[in-house]
Structures are given as C-alpha cells and as structure tokens.
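> Any chance you could fold what I've pasted below:
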Amino acid sequence: MKGFLKRKNIEISLKRYGIDALGAMAQGLFCSLLIGTIINTIGSICHLSFLTAPVAVISGIEYTVGGLAMAMSGPAMACAIGYALQAPPLVLFSLITVGFSANALGGAGGPLAVLFIAIITAECGKAVSKETKVDILVTPLITIAVGVALSYLIAPPLGKLAMKTGDLIMWATELQPFLMGILVSVVVGIALTLPISSAAICAALGLTGLAGGAAVAGCCAQMVGFAVMSFKENNWGGLVSQGIGTSMLQMPNIVKNPRIWISPILTSAITGPIATCVFHLQMNGPAIDSGMGTCGFVGLIGVFQGWITDIASGAKAAITAFDWAGLLLVGIILPAILAPAINIIFRKIGWVKDGDLKLQ
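Residues are numbered from 1 along each chain as shown. Next up, the predicted model:
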C-alpha cells in the first residue's frame, strides 16, 4: 500500500491537506468570488456600465462580468486544490464538475464542503489515473462519480456545520465584543501569518459582521505591523511585500526567533476590541475579505463594499467620518504605530536583534 501511494503521489499529511490544499483553495476563491466582487464594486462606485450591465443570461439569471467570476467559485476552488495536490490533467479537469456540485449543495458553507470533497475526490482520481487502457474514460468517470456522490451525501451537512460554527462565533462576538474581539483578531491574524489560509478559513465559516471586523483588524495588525517594524531591515520593498502582500514572508524568521511575532500579536489583541467596541467595525462584504487584511487592500475594500451594500438596502444612512476614521485607524495607523513601539521594548531587553526581521 505504501508503495502504491508513493507511486500515485498520494501523501496523507497535514502539510499536504491543511497547508497546500487550504492555501490553494484561497487562491481559487480569490480568482473567482473575490475578483468578481471587486469588479462589481468598481463598477458600482465608478458607474461603469460595462461592468454593471448583464453580459450573459443563463437559465433566466442575468450575470455581469463580476457575476460570472463569482459563479465559478466552486470549480475554481476545486481546481486549485487539485493543482496543489498535483493531480494529473484528467483528474484536474474533472474537478470542475465536482467543485460546482460541492459548492452548490454546500449552500452558504460551500467552501468547506469543496475543501473536503475536492481533497478526497482528487486522491481517488489520482489512484485510478492511468491504471487502465481506457484512462480517458475511466479517470473522469470515477472522479466525477465520487465527487458528485460525496457532494450529495456530505456537502449539505458540512455546509450547515460551517455556517453554525460561523454563526456561533459571530453571536459570541455580538454578545462579548471585547473578549471575542481579542480572540478572533489574534487567532485569524496568526492564521494569516502561518502557512495556512486565513481567507479560506473565514470563507469556510462565513465569518462576517462584527466578528469579520475583528478578523480584518487581526490581519491588518500582522501585515502592517511586520511591514513597518521591519522597515529598517527591508526598506520599501519589504514594506510593500509585507504590507499589501503577506506577512507569511516572516515565517522563516519566526521559526528562528519566535519572539519577533509577539509585537504583531499584541497589536492585534489591542486593535481587535477597538474595532468591535469603539468603532463597531463590521465586514458586510464577502466573508473571504475578513481574512485578507491589507493584502491588495482587499479587507479594507470589503468593509467599504459592505457600507455600500448597507446603504443600498437602507440598513445604513451614509458613510460617516467616524466610519472612515475607524477603518484607517484599525486597518493601517494603529498597527503602524503599536507594533514598532512594542518591538522597540523587545529590542531594548534583547529579545529582538538587528537582522532578526530581515527577509531572505
């Protein structure tokens, strides 16, 4: 069995499924749901008719350019997962159908269903790939049959589980905004810097509302915090690559000296409750935005998009100066001040030294 799994490149490990697959799923979400949302937002804000007008009508449903991208989120996630698992072409292409079915049957918790089902299906497809002389028939047939069957059986309960968990976190945040503001901000911020996907986690749990605002605060604290506090070592390139790229670049340095991580974590513990208790910062855009922070400014754009949506629905009268102050303070200004300030203390006591934050 070990020889067979090795020959088929089937590696049952936390890294392969919890890091590689999860991270790829976030990229699939980014290239479909998130990009589609951004396109729609740009079209609405800038009044660009070619982005807001329907370009296709399918089964009576009108789709804009962004709407078409958003509709493909299931297939995009499944294909991304298959790519991360190094699935052969016939398996990879068959995952398009699997991703669509898992996402559709998973409902609002579709991303979690896609994650589990695409992993299992991809490995099953890899197991049968090139084992027969009619591979072009057998591999797609088995892959799609397994994926659709699993979608029918487990996608609905997985979707409900994800949404119930997300609802519980959001309910707890509404009930205890201070404590949950700290917890959500710190945990999601840590997930963002770890080689896993905070965006995929937030999307899978449907994390929006006040909890989503805390998640945005935690992600921004990590990205902006690391970017500014390491400016001496990494200059403008490091500022940009970490501030609007990813704080994951610091993982090799964190492994060498875990104490460099304390400043951004403490910053997230401060900005999280400020977001929930002072500014009541909410993510009413797509849940995936909650785990993006300042990566391409997607987290901040998501909050802004939520404002626009709330105004359109009548839930919000207008965007106020207080709203803007909260978004800028929590998202950029406070992390840029607090993380370096805390890091100075650690430098003075010898916990952090010159070169500890230098990107390779």
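
> which residues in the stretch 101-250 of the chain form helices?
Listed in chain order, the helices of the stretch 101-250 of the chain (DSSP state H, counting those that start in this stretch) span 110-128, 135-175, 177-193, 198-205, 209-229, 231-243.

> In a markdown table: those helices, plus mean neighbour count, distance to G66 and mean pLDDT.
Where you see a C-beta, it was placed from the backbone N, CA and C, and this is true even at glycine. Putting these into a markdown table (neighbours: other Cβ atoms under 10 Å; distance: least, Cβ to Cβ, whole Å; pLDDT from 0 to 100) gives the following:
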| stretch | mean neighbour count | distance to G66 | mean pLDDT |
| --- | --- | --- | --- |
| helix 110-128 | 26 | 18 | 93 |
| helix 135-175 | 18 | 23 | 92 |
| helix 177-193 | 24 | 25 | 93 |
| helix 198-205 | 30 | 17 | 83 |
| helix 209-229 | 32 | 20 | 95 |
| helix 231-243 | 16 | 26 | 92 |
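
> Tell me which of those helices sits nearest to V298.
Closest of the helices of the stretch 101-250 of the chain to V298 is helix 198-205, at 8.3 Å (criterion: Cβ to Cβ).

> Now for the closest residue to A336 other than its chain neighbours: which residues touch it?
Once flanking residues are discounted, A336 sits nearest to V228: 4.6 Å by Cβ to Cβ, 6 or more residues apart in numbering. V228 makes contact with L239, G243, P335, A336, A339, P340 under the criterion Cβ atoms under 8 Å, 6 or more residues apart in numbering.

> tell me the mean pLDDT over the helix or strand harbouring G299?
In this assignment (DSSP states H and E), G299 forms part of helix 298-313. Per-residue pLDDT over helix 298-313 has a mean of 87.

> again with stretch 61-75
If you average the pLDDT over stretch 61-75, you get 91.

> Could you give me the buried positions within that stretch?
For stretch 61-75, a neighbour-count test (16 or more other Cβ atoms under 10 Å) marks 63-75 as buried.

> Other residues contacting that stretch?
For stretch 61-75, contacts defined as Cβ under 8 Å, 6+ apart pick out 28-29, 31-33, 35-40, 43, 50-57, 95-97, 99-104, 110-111, 114.

> CSV for the buried residues of stretch 61-75, including secondary structure and distance to C295?
Output for the buried residues of stretch 61-75, formatted as CSV (DSSP: H, G, I helix; E, B strand; the rest coil; distance: Cβ to Cβ, whole Å):
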residue, secondary structure, distance to C295
Y63, strand, 26
T64, coil, 24
V65, helix, 22
G66, helix, 19
G67, helix, 23
L68, helix, 23
A69, helix, 18
M70, helix, 19
A71, helix, 23
M72, coil, 21
S73, helix, 18
G74, helix, 22
P75, helix, 23
